[in-house]
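Participant: okay, here's the prediction I keep looking at, along with the sequence it came from:
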Amino acid sequence: MLVKTYGSAIYGIDAYLITIEVNIDKGAGYHLVGLPDNAIRESSHRINTALNNAGYKVPRKKIIINMAPADVRKEGSAYDLTIAMGILAASEQIKADNIGSYIIMGELSLDGSLLPIKGVLPIAIQARKDGFKGIILPQENAKEAAVVNNLEVYAAENISQVIDFFEKKKELKLVEFNTREKFYESLQNFPFDFADVKGQENVKRALEIAAAGGHNILLIGPPGSGKTMLAKRISSILPPLTLHEALETTKIHSVAGKLSKNSALMTHRPFTSPHHTTSDVALVGGGSYPQPGEISLAHNGVLFLDELPEFQRSVLEVMRQPLEDREVTIARAKFTVTYPASFMLVASMNPSPSGFFPDDPQNTSSPAEMQRYMNKISGPLLDRIDLHIEVTPVPFEHLSAERNGEKSEIIRARVTEARKLQEIRFQDLGHVHYNAQMGPKQLDDFCQLGTDSIELIKNAMEKLNLSARAYDRILRVARTIADLDKQQNIATHHLAEAIQYRSLDREGFLR
């Protein structure tokens, strides 16, 4: 007897339908075809033991299982339950007339219990698109799938419950999730707050500007000056995720298996902080069957690179294209996968190998050592960082002060207002959403300067020895400062503030 059950496979951050055809006939042998990987081939042992422990058995007949489309490689253990239910239905050990109306997925333990799988959200979205009535999943994954409306999501703890459901002996638990209500409930809860930061008002101002315009930022300062503490709080002042952004971000983390247990939907912008020993593949994604890297896990959020010069140069260079294109494409011989990678880069570094600024008495690094240290960061990468901020140690009187700093929610309100102005400005441009993404054409249209401003930036370029590459960056940052000030035109004081945020472009500063 031939029976078809349905599962799903992940391609990039999207899913596509996999049909499991199980045919049982006279003869002997167990044949699994359709380009399964080793994890799927080994499923026969898990299925056999799990069915025995549930009071059923794999028939001693000729069993042919085809995973269609047969020319696409399948991987992972998520098809255990799909195959097991197909075997039971094809061998007529259970009566399951409506088994084709559901996507069935889950990894089987030897005792018949179900273990969680990866990529559930895109699977559920695709199930709804394909017109399935519902989806049956392990208990731990059900809440994530329930984010998708107009789809029945059933949670099962073991294979016996799934069998009873199809034989109409007992109902499975129907999981419901009010996506919008839960999403908006959690938007304002952050583990870190700028109110905890004492002093560093100039750095907090720079971070506010960076958040408002989506600008990449580099913090330069000695150990203990608060660079990491400040960077960890930048997510709390970014504009709240939209529901669309939350779903897209959750899909990436779901595919990578990084979604926290029993979590249904990401409500905060992600913050990823890879160690400086990370490889280029771990950063941008890859592998034989490419998985999202750290830059994709930071999509719609922040990628924080602490101790930037300690990263291998090759690792830093692979970020150049994603920083421009806001996506990363990983090509293999037979297929190409594109992952979104629209992130805000926040990096920190010491001013020298000894950790101190050149004019600090504690600095023991020679000019040659400092030059080698700074040369670890290439010019093209620095060109993609809009703000270079010097972070100095906080004086004792600020540390001991009882007054807390400004709360993140107050700063976030100003940032959100500035982003709304940018949305209106760029509403007719599909590829530009905030100031950091502006190209030469947008700079000409939206960053026009008055006579005094032109004279100011001319003098700055000459007297501060700013590099030519700093010009566009200064205009972008000035545009953001004007937006925070709710001004239609860039004033001279907006431009003056933007100029001071280009420390590394000044001749003689560290380079």
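Facilitator: That came through, no problem.
Participant: do a quick rundown of the helices in the stretch 101-250 of the chain.
Facilitator: Using DSSP state H, counting those that start in this stretch, the helices found in the stretch 101-250 of the chain span residues 120-129, 139-145, 159-166, 179-185, 201-213, 227-232, 243-255.
Participant: counting contacts, what elements does the shortest one pack onto?
Facilitator: In terms of contacts (3 or more CB pairs under 8 Å, 6 or more residues apart in numbering; DSSP states H and E), helix 227-232 is packed against helix 201-213, strand 217-220, strand 302-305, strand 344-349. To be clear about C-beta, it is placed using only N, CA and C from the backbone, and glycine gets the same treatment.
Participant: same thing with the fourth one?
Facilitator: Judged by 3+ CB pairs under 8 Å, 6+ apart, helix 179-185 is in contact with helix 243-255.
Participant: then the fifth one?
Facilitator: Helices and strands in packing contact with helix 201-213 are listed as strand 217-220, helix 227-232, strand 344-349, strand 387-390, helix 408-425, helix 470-484; criterion 3+ CB pairs under 8 Å, 6+ apart.
Participant: just the second one next, same as before
Facilitator: Here helix 139-145 touches helix 120-129, strand 152-156, strand 173-175, going by 3+ CB pairs under 8 Å, 6+ apart.
Participant: 6 Å instead, please
Facilitator: For helix 139-145, the packing partners by 3 or more CB pairs under 6 Å, 6 or more residues apart in numbering; DSSP states H and E come out as helix 120-129, strand 152-156.
Participant: buried set for it?
Facilitator: Within helix 139-145, the residues scored as buried using 16 or more other CB atoms under 10 Å are Gln139, Glu140, Asn141, Ala142, Lys143, Glu144, Ala145.
Participant: please produce CSV containing the residues you listed, extended by distance to Thr228.
Facilitator: Shown next, in CSV, are those (distance: CB to CB, whole Å):
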residue, distance to Thr228
Gln139, 38
Glu140, 33
Asn141, 34
Ala142, 37
Lys143, 33
Glu144, 31
Ala145, 36
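Participant: which of the residues you listed lies closest to Ser77?
Facilitator: For the buried residues of helix 139-145, the minimum distance to Ser77 (CB to CB) is 13.3 Å, reached by Asn141.
Participant: so what's the closest one closest to, chain neighbours aside?
Facilitator: Among residues not flanking Asn141 along the chain, Val120 sits closest, at 4.4 Å (CB to CB, 6 or more residues apart in numbering).
Participant: next up, the contacts around that neighbour.
Facilitator: Contacts for Val120 (CB atoms under 6 Å, 6 or more residues apart in numbering) come out as Asn141, Glu144, Ala145, Ser254.
Participant: ok, Asp164 next?
Facilitator: Shown in contact with Asp164 (CB under 6 Å, 6+ apart): Lys170.
Participant: remind me, longest strand of this structure?
Facilitator: For the chain, the strand that runs over the most residues, judged by DSSP state E, is strand 14-25.
Participant: now do the helix or strand following that one against strand 14-25, angle only.
Facilitator: Later in the chain than strand 14-25, the nearest helix or strand by DSSP states H and E is strand 29-33. Put simply, strand 29-33 runs at 160 degrees to strand 14-25, going by axes from the mean of the first three to the mean of the last three CA atoms, to 10 degrees.
Participant: could you check how far Asn189 is from Glu417?
Facilitator: Counting by CB to CB, to the nearest Å, the separation of Asn189 from Glu417 is 21 Å.
Participant: higher neighbour count, these two?
Facilitator: The neighbour count for Asn189 versus Glu417, taken as other CB atoms under 10 Å, is higher for Glu417 (14 against 9).
Participant: how about the more buried one: what's its closest non-neighbour residue?
Facilitator: Among residues not flanking Glu417 along the chain, Lys486 sits closest, at 7.4 Å (CB to CB, 6+ apart).
Participant: and for that neighbour, the neighbour number?
Facilitator: Other residues close to Lys486 by other CB under 10 Å number 10.
Participant: what ranges in the stretch 101-250 of the chain fall below the confidence cut-off?
Facilitator: 185-188 (pLDDT under 70).
Participant: now do the chain
Facilitator: For the chain, residues meeting the criterion pLDDT under 70 lie at 185-188, 262, 396-403, 467-469, 505-511.
Participant: residue ranges of each domain in it, please.
Facilitator: 2-177, 194-505 (automatic domain parsing).
Participant: out of the ones you listed, which is closest to Phe183?
Facilitator: Judging the domains of the chain by CB to CB, what sits closest to Phe183 is domain 194-505, at 5.7 Å.
Participant: what about the closest residue to Phe357 other than its chain neighbours, which SS state?
Facilitator: By the measure of CB to CB, 6+ apart, the closest residue to Phe357 outside its immediate chain neighbours is Pro351, 4.7 Å from it. On the three-state scheme (DSSP: H, G, I helix; E, B strand; the rest coil), Pro351 is labelled coil.
Participant: wait, doesn't Pro351 sit right on Gln362?
Facilitator: No - because the distance of 11.2 Å does not satisfy CB atoms under 6 Å, Pro351 is recorded as not touching Gln362.
Participant: of these two, which one has the most company?
Facilitator: Using other CB under 10 Å as the criterion, Pro351 and Gln362 rank with Pro351 on top: 24 against 9.
Participant: state the distance from the more buried one to Ile410.
Facilitator: According to CB to CB, Pro351 and Ile410 sit 31 Å apart.
Participant: next one: Asn465
Facilitator: Separation of Asn465 from Ile410 (CB to CB) stands at 37 Å.
Participant: ok, the nearest residue to Thr179 once chain neighbours are set aside - contacts?
Facilitator: Using CB to CB, 6+ apart and skipping residues adjacent in sequence, the residue nearest Thr179 is Val147, 5.1 Å away. Residues near Val147 by CB under 6 Å, 6+ apart: Phe177, Thr179, Ala264, Leu265.
Participant: measure Lys57 to Ile47 for me?
Facilitator: Distance from Lys57 to Ile47, counting by CB to CB: 10 Å.
Participant: same check, this time on Gln161
Facilitator: According to CB to CB, Gln161 and Ile47 sit 16 Å apart.
Participant: and if you look at Ile209?
Facilitator: Distance of Ile209 to Ile47, computed by CB to CB: 58 Å.
Participant: ok, Arg372 next?
Facilitator: Arg372 is 59 Å from Ile47, by CB to CB.
Participant: more crowded one of those two?
Facilitator: A count of neighbours by other CB under 10 Å puts Ile47 above the other of Arg372 and Ile47, at 25 against 13.
Participant: distance of the more buried one from Ile99?
Facilitator: Distance, Ile47 to Ile99, using CB to CB: 16 Å.
Participant: again, but for Glu75
Facilitator: 24 Å.
Participant: same question, Asp111
Facilitator: According to CB to CB, Asp111 and Ile99 sit 23 Å apart.
Participant: and for Ile490?
Facilitator: 64 Å.
Participant: what's the closest non-adjacent residue to Asn150?
Facilitator: Spatial nearest neighbour of Asn150, chain neighbours left out: Arg128 (6.0 Å); criterion: CB to CB, 6+ apart.
Participant: thinking again about what came up before, and of the helices and strands packed on helix 201-213, who's closest to Phe194?
Facilitator: helix 408-425 (4.7 Å).
Participant: what helices or strands is that closest one leaning on?
Facilitator: Helix 408-425 packs on helix 201-213, helix 470-484, going by 3+ CB pairs under 6 Å, 6+ apart.
Participant: can you give me the buried ones in the last one?
Facilitator: I take that to be helix 470-484. Going by neighbour count (16+ other CB under 10 Å), the buried part of helix 470-484 is 470, 472-484.
Participant: number of nearby residues for Ile424?
Facilitator: Neighbourhood size, Ile424 [other CB under 10 Å]: 8.
Participant: any chance you could map the helices in the stretch 301-450 of the chain?
Facilitator: Per DSSP H, counting those that start in this stretch, the stretch 301-450 of the chain carries helices over the ranges 313-317, 320-325, 367-374, 379-382, 396-399, 408-425, 440-446.
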